[in-house]
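J.: Need coordinates for the following:
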Amino acid sequence: MEFNKAKARIKQHAKDLFSKASINTVLALSLLGMVIYQLTVNKETILVPPHLSEEAVVSRNHASKEYYQPFVQMVVGSISAATPENADEVYKWTRKFFIDEVWANLGPQILAIKTNPKFNGINLMSYFSIEGIEYEPRTEIFYVYGKLTSAQYRKGRIQPVRSIYATYEVRMEMFAGVPKVTHWRPYEGVPMTQIWKEKHPELAKKREAELEKTVENHQTHPHADEEDIVQEKDYSITDDEAADSMPASEISKSDSQQPPESTASQIMRGVQPPAPTGSPANSQDDLL
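T.: Got it, this is the predicted structure:
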C-alpha cells in the first residue's frame with residue numbers, strides 16, 4: 001500500500017515538473033519570438049550617438065536625414081579623394097554603402113583611377129572642400145557642394161593645382177539596418193535642386209543635356225571643360241620639375257599664368273556660384 005502511494009506521488013511530481021517545464025519552454029520561445037520581432041520589424045529608435053550633432057530617428061528599414069548625413073559626407077569625401085595610391089582602399093571601404101545597381105558603374109571607375117593617365121604624378125592627391133549640404137525633402141536627395149581640388153605635396157606642404165566647383169547628389173536608404181546609396185550623381189557647378197530647376201528652366205535643361213553625355217563615365221570626379229577649370233594661384237613649378245612631378249594630361253600651364261576668376265558667363269551657366277553678398281545664405285537657392 002505504502003509502495004503504491006509513493007509510486008503515485010512520484011508520478012504526480014514528475015507530471016507537475018513536466019508541466020512546469022512545458023510552460024517555461026513556451027514562455028522562453030515566446031520571449032525569443034518577441035526579441036526577433038523587435039529586431040526585424042520597422043521599429044524606430046531615437047538616438048543621438050557621438051558622431052551625430054542632432055537627434056536622429058533610425059530603424060531597420062528607415063532613417064531620418066540627420067542619420068544619413070554623416071554617411072553621405074563620408075562616402076562623398078572618400079570617393080572624391082580617390083587617387084591611384086588609395087583606390088583599392090576606397091573601393092574596399094565604400095562598397096558596403098552602395099546598392100549593386102549604383103556600384104556596378106561606380107566601383108570599376110574607382111579602380112580605373114590606378115591606370116588613368118590624368119592621375120599620373122608624384123604625390124598627387126585630391127580633396128573636396130565642402131561648402132554646404134542641402135537636403136531636398138521632396139526627392140530625399142542630399143546635394144553636397146563645394147570646391148574639388150587636385151593637389152600635390154611639394155616642398156613640405158600641400159599645394160593646390162587645379163580646381164572646379166562641384167556637386168554630388170546622393171540619396172540613401174536603409175537595407176536591413178545598413179544605410180546604402182541608391183542615387184549617386186556628381187557634376188560640375190552649383191546644385192541642380194528642384195527649386196533651382198524651377199527658377200532656371202532653360203539653363204536646367206541645357207545642363208541636364210550636357211550632363212547626360214558625361215556623367216556615366218565620370219562617377220568619381222565630375223567632368224569639366226578645360227576653360228572652366230581654375231588654375232590655383234599658389235601653385236608654381238619649374239620646367240625641370242614639370243617633367244617628373246606634374247600629373248600627365250592635367251597641367252601644362254606656365255608659372256606666369258594666373259588662374260581665371262569666376263566670370264559672368266560661368267555664373268550664368270551654373271559652373272560657378274555667385275560671389276557672396278556679405279550675408280550668409282540658407283541654401284544655394286538663395287544665391288541663385
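J.: OK, contacts around residue 95?
T.: Shown in contact with residue 95 (Cβ atoms under 8 Å, 6 or more residues apart in numbering): 103, 107. C-beta here means a position set from N, CA and C on the backbone, and glycine is covered the same way.
J.: How is it assigned, secondary-structure-wise?
T.: helix (DSSP: H, G, I helix; E, B strand; the rest coil).
J.: Quick one: find the helix or strand in this structure with the lowest mean pLDDT.
T.: Lowest mean confidence among the helices and strands of the chain (mean pLDDT, DSSP states H and E): helix 239-245, at a mean of 40.
J.: May I ask which helix or strand encompasses residue 61?
T.: Counting by DSSP states H and E, no helix or strand carries residue 61.
J.: Would you check that it makes contact with residue 179?
T.: No - contact criterion Cβ atoms under 8 Å: residue 61 and residue 179 do not qualify, at 10.8 Å.
J.: And the helices in the stretch 51-200 of the chain, which stretches?
T.: With DSSP state H, counting those that start in this stretch, the ranges of helices along the stretch 51-200 of the chain come out as 65-80, 87-94, 100-112, 194-199.
J.: Please spell out which residues along the second one are buried.
T.: When you say that, I think you mean helix 87-94. 87, 90-91, 94 (16 or more other Cβ atoms under 10 Å).
J.: Pull the residues that contact it.
T.: Contacts to helix 87-94, defined as Cβ under 8 Å, 6+ apart, come from residues 75, 78-79, 81-82, 107, 110-111, 113-114.
J.: go with 7 Å
T.: Outside helix 87-94, the residues that touch it by Cβ atoms under 7 Å, 6 or more residues apart in numbering are 75, 78-79, 82, 107, 110-111, 113-114.
J.: biggest strand in this structure by residues?
T.: Of all the elements of type strand in the chain, the one with the most residues (DSSP state E) is strand 157-175.
J.: Can you give the strand pairings for that one, parallel or anti for each?
T.: Sheet pairing of strand 157-175 (DSSP bridges) gives strand 141-154 (antiparallel), strand 178-188 (antiparallel), strand 230-231 (antiparallel).
J.: Let me have those strands in JSON lines, adding mean pLDDT as columns.
T.: Converted to JSON lines, the strands paired with strand 157-175 look like this (pLDDT from 0 to 100):
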{"stretch": "strand 141-154", "mean pLDDT": "90"}
{"stretch": "strand 178-188", "mean pLDDT": "96"}
{"stretch": "strand 230-231", "mean pLDDT": "86"}
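J.: Tell me which of the ones you listed sits nearest to residue 273.
T.: Closest approach to residue 273 among those is made by strand 141-154 (8.1 Å; Cβ to Cβ).
J.: List the buried residues of that closest one.
T.: Buried, per 16+ other Cβ under 10 Å, within strand 141-154: 141-146, 148-152, 154.
J.: which residues touch residue 179?
T.: 63, 68, 71, 97, 172.
J.: Now for residue 60, how many residues are close by?
T.: 18 (other Cβ atoms under 10 Å).
J.: which residues of the chain score low on pLDDT?
T.: Along the chain, the parts satisfying pLDDT under 70 run over 1-53, 120-123, 233-266, 268-271, 275-288.
J.: Kindly report the domain assignment for it.
T.: Annotated domains of the chain cover 1-40, 45-276+283-287 [automatic domain parsing].
J.: hmm, back to that, please pick the buried ones from the contacts of helix 87-94.
T.: Taking 16+ other Cβ under 10 Å as the criterion, what is buried in those is 75, 78-79, 82, 107, 110, 113.
J.: any chance of the residues you listed in TSV, plus distance to residue 132?
T.: Below are those laid out as TSV (distance: Cβ to Cβ, whole Å):
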residue	distance to residue 132
75	17
78	19
79	18
82	22
107	28
110	25
113	26
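J.: Would you mind checking which of those is nearest to residue 160?
T.: residue 82 (17.4 Å).
J.: Next up, the contacts around that closest one.
T.: Counting by Cβ under 7 Å, 6+ apart, the residues that residue 82 touches are 90, 110, 113, 126, 220.
J.: want to try a markdown table for those residues, with distance to residue 102 as columns?
T.: A markdown table is the format used below for these (distance: Cβ to Cβ, whole Å):
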| residue | distance to residue 102 |
| --- | --- |
| 90 | 15 |
| 110 | 12 |
| 113 | 17 |
| 126 | 21 |
| 220 | 13 |
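J.: Looking at these, which is nearest residue 136?
T.: Nearest to residue 136 out of these is residue 220 (Cβ to Cβ; 23.0 Å).
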